[in-house]
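Trainee: this one's structure only:
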């Protein structure tokens, strides 16, 4: 076990390199937060740049920055969890904006994908295995 996040106590769990269970910790993103994301871009007239390809590139770039936090280690450099949270937020913001541009319901497409994953990786064949399905 590692220290509990100190970054303004945002994190509600103790970090471990490998977790054996998944705890649902966060509710859906609030309407206020979604409006804030939309308004931020609107105030700057940035929607003109929000083509799907641009959004996909931005998601990938920010995901790379998130990954960089863990380069050469299972823990963030210098224990900087705040930077991890910022990069995770950037990834999520671009994903939300891309869904908006595409006019898709994130909840719906995630549920659809999880149903496909359940068929592709049935518990009986996948439990405890990280092997990719054929």
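Mentor: Structure's in. What do you need? What you are looking at is a predicted structure, and each value in this text was computed from that prediction instead of being measured.

Trainee: and for the closest residue to residue 133 other than its chain neighbours, the neighbour number?
Mentor: Counting by Cβ to Cβ, 6 or more residues apart in numbering, residue 133 lies nearest to residue 120, which is 4.8 Å off, once chain neighbours are set aside. In short, each C-beta sits where N, CA and C put it, glycine included. Close neighbours of residue 120, defined as other Cβ atoms under 10 Å, add up to 12.

Trainee: for the protein, name the helix or strand with the lowest mean pLDDT.
Mentor: Across the helices and strands of the chain, mean pLDDT, DSSP states H and E gives its lowest value to helix 123-126, namely a mean of 90.

Trainee: gap between that helix and the chain center?
Mentor: 25 Å (Cα atoms, centre = their mean, to the nearest Å).

Trainee: distance between the helix or strand hosting residue 87 and the chain's centre?
Mentor: Using DSSP states H and E, residue 87 maps to helix 81-102. The chain centre lies 6 Å from the centre of helix 81-102; the measure is Cα atoms, centre = their mean.

Trainee: ok, then the element right after it?
Mentor: Following helix 81-102 toward the C-terminus (DSSP H and E): helix 106-120.

Trainee: any weak-confidence spans in this structure?
Mentor: 1-27 (pLDDT under 70).

Trainee: ok, residue 70 - contacts?
Mentor: Contact analysis of residue 70 by Cβ atoms under 8 Å, 6 or more residues apart in numbering lists residue 76.
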